[in-house]
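**Q** Pasting a predicted model and its sequence here:
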Amino acid sequence: MRLDPLYRATFTTPESWSVELEGADGVEGQLFLIAEGRSEGRLSARLRAANYPRRRTDGTLLPDSRGALETDDGAVILYSWQGYAREGSGGARELVGAVMHVTDDPRYAWLNTAVCALGGEVRPQPGGDGFEVAVEVAEVVWEGTGYTSLQEAASSSPSREI
C-alpha cells in the first residue's frame, strides 16, 4: 500500500458554536463550525464545510466534517471526514483521519471508491477568533500484499507476547 498525494487544503472557521456537558466523568463538549477555504493539488477547489466535532473529557476532539469541493474546472465533489484532533506541540492540534469523496462528475468518478488519509494541524487565529487549519489528503493505493497465501501472511507477521 502507498499514499499518493491528492490535495492540500487550508481553511478557517469564521463561525462556531459550542456547548459543554458536565457529567460524572468530567466535561464533554459538542461544537459546530463552518469552514471556508481552498484546496490545491490534484483537486484545486473552493472548500465549504460544516464540522460537528465532539470534545472528549481528555480534551481530544473527534472531527465529523461534511463538505463540498467546487473544483476550478467545474466539478462538485462532496466529502466526509472523521478522525482525531489531538494535542500537539507548540499549541497546535494535530489532525489525523480518513476522508471519503463522492461525485457525479465522470472526470473524478475514481474518487467514489477511493479511501484517503488525512494529516494536518489546527492553530487558533490571533485574537481567539476561530481557527486556521492546514491538512494534506492522500489516496490510499492498494498494491497487494505480496503474499501467495493467508498462511504465508500469518507466518511472516511479527509475533506478540501477551
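**A** Yep, it's here. All of these numbers come straight from a predicted model, not from anything done at the bench.
**Q** pLDDT-wise, which helix or strand of this protein ranks last?
**A** Across the helices and strands of the chain, mean pLDDT, DSSP states H and E gives its lowest value to helix 150-156, namely a mean of 73.
**Q** who's in contact with that helix?
**A** 145, 147 (Cβ atoms under 8 Å, 6 or more residues apart in numbering). Any C-beta I mention is one placed from the backbone N, CA and C, and that applies to glycine too.
**Q** try 6 Å this time
**A** With contacts defined as Cβ atoms under 6 Å, 6 or more residues apart in numbering, helix 150-156 is touched by residue 147.
**Q** How far off centre is it?
**A** 32 Å (Cα atoms, centre = their mean, to the nearest Å).
**Q** With only the CA atoms kept, save it in PDB.
**A** Provided in PDB are the C-alpha atoms of helix 150-156 (Å, rounded to 0.1, in the frame of the first residue of the first chain):
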ATOM      1  CA  LEU A 150      -3.000 -16.400   4.100                       C
ATOM      2  CA  GLN A 151      -0.800 -19.000   5.800                       C
ATOM      3  CA  GLU A 152       2.300 -17.200   4.400                       C
ATOM      4  CA  ALA A 153       1.000 -13.800   5.600                       C
ATOM      5  CA  ALA A 154       0.300 -15.200   9.100                       C
ATOM      6  CA  SER A 155       3.700 -16.800   9.400                       C
ATOM      7  CA  SER A 156       5.600 -13.600   8.300                       C
END
